[in-house]
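Colleague: Compute the structure for the input listed below.
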Amino acid sequence: MKKTLIFTLIFVFFFEFTSLVFTKFGLLIFNETPKYSFKEINLYDWKEKDENGIDWHKKNYKASHSSRCFDVKYEFNNIGARDINDYFINDQEKSIILIGDSFAEGYGVNTNNTFAKIIEKKTDKKVLNFGVSGSDPNLQITKYINDGSKFNFDELIYFFLPYNDYLTSNTNKNKKKNILSDFDLTNVKYSIANFLARFTYSYNFLRSAAYLLDINFSDNYENSSYFFNDHESINYTFDLLEKIISYKDVKSYIVIIPTIHDINNYQKNNLNYKNLYWYEQINKLAYINNSTLIDLMDFKDFKKKSLYFHSCDGHWSNYGNKFAANSFLKVYNQN
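Modeller: Numbers count the residues shown, from 1 in each chain. Sure, this is the predicted structure:
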């Protein structure tokens, strides 16, 4: 028993030391530095209600956001949008407006690595980022009509996240649980991974190995938002979406965003979600409103799926934002 314990301790020490060396030389796919803390720094201290009671950001504000897999800075401009540049209603330059939740906001990445900033650089058009984490189509249309629509833009990009955006008229609440923020820390698997990620370099080695071996812990496809089939909720949500893209006479793009769970379920079960009611309806909505529909699932390189998202919460990583922007531009540049 004593020999086994000594051997185990030696192995753990050697494995951690080897992982440290590999990480420092950038030899692994994931080379993150442990935080050595469970502390979440200034979580959401940048958010506040606007004058209409809608979730928004503090104006002219800077904040730090640290989690076990990222450590970033947020900047918010004169109107509280996630941008280092200010927005003015009387600006004569034609812009693009971006509407959505945390994926549009740029959750977990520095400002210059957000989808909005990448698009801005590659199109040479200013992007007005009206993304805000925790929002849904109902809150987004209110913010858009009250504030966003007053600015000068000739193109609109709307981010639709099936996993988190479906609403019902009765409750006006999300029909599906938000996997991106509410992890249950009593869950054994997550607690172990959380500890290893925050306090060891070994987690980089283990995660890189899992990526190379394509280890898949996906749920059953019925739990995937890409196979959601509540017609009432779908109709109500898409009515709100149509109000957003038709409110002003501008060119619009609807970008459908899959989560890592959606990708895993689609890859594992190989079912055609494009014949389902929700996909037929969103195609119909796009056609009627002369909007371009872009489904990011169509552009996925499944071998790189783990690189698209942060390991700790499911939002896009730097790589994921770049992938989404480049996928969007492949369609945008053809129009």
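Colleague: quick one, what contacts the nearest residue to residue 35 once chain neighbours are set aside?
Modeller: Nearest residue to residue 35, sequence neighbours excluded (C-beta to C-beta, 6 or more residues apart in numbering): residue 198, at 5.0 Å. Glycine gets a C-beta too; all of them are placed from N, C-alpha and C. Contacts for residue 198 were tallied using C-beta atoms under 8 Å, 6 or more residues apart in numbering; they are 34, 35, 36, 37, 38, 68.
Colleague: Torsion angles phi and psi at the last one?
Modeller: When you say that, I think you mean residue 68. When read as degrees, to the nearest 10, the backbone of residue 68 gives phi -80, psi -10.
Colleague: I'd assumed residue 254 was in contact with residue 286.
Modeller: Yes - Residue 286 lies in contact with residue 254 (C-beta atoms under 8 Å); the separation is 5.7 Å.
Colleague: Identify the contacts common to the two.
Modeller: Between them, residue 286 and residue 254 share these contacting residues under C-beta under 8 Å, 6+ apart: 292, 293.
Colleague: Have a look at those two and say which one is more surrounded.
Modeller: residue 254 (22 against 19; other C-beta atoms under 10 Å).
Colleague: ok but that one is inside a strand, no?
Modeller: Yes - assessed with DSSP: H, G, I helix; E, B strand; the rest coil, residue 254 lies in a strand.
Colleague: By pLDDT, give me the weakest of the contacts of residue 198.
Modeller: Note: of those, the lowest pLDDT belongs to residue 38, at 62.
Colleague: ok so, going back, against residue 161, how distant is the residue nearest to residue 35?
Modeller: Look at residue 198 and residue 161: by C-beta to C-beta, to the nearest Å, they are 27 Å apart.
Colleague: got it, and residue 112?
Modeller: From residue 112 across to residue 161, the span is 23 Å (C-beta to C-beta).
Colleague: ok, now how distant is the residue nearest to residue 260 when sequence neighbours are not counted from residue 227?
Modeller: In space, and not counting its chain neighbours, residue 260 is closest to residue 309: 4.9 Å by C-beta to C-beta, 6+ apart. Using C-beta to C-beta, residue 309 is found at 20 Å from residue 227.
Colleague: Same question for residue 157.
Modeller: 25 Å.
Colleague: lowest-confidence helix or strand of this protein?
Modeller: Counting by mean pLDDT, DSSP states H and E, the chain has its least confident helix or strand at helix 188-199, which shows a mean of 70.
Colleague: Would you indicate which residues of the helix or strand following that helix are buried?
Modeller: Sequence order places helix 202-213 as the next helix or strand after helix 188-199, per DSSP states H and E. Of the residues in helix 202-213, 202, 203, 204, 205, 206, 207, 208, 211 count as buried by neighbour count, 16 or more other C-beta atoms under 10 Å.
Colleague: element containing residue 48, please.
Modeller: Going by DSSP H and E, residue 48 is in strand 47-49.
Colleague: any idea of the mean pLDDT for that strand?
Modeller: Rounded mean pLDDT across strand 47-49 is 91.
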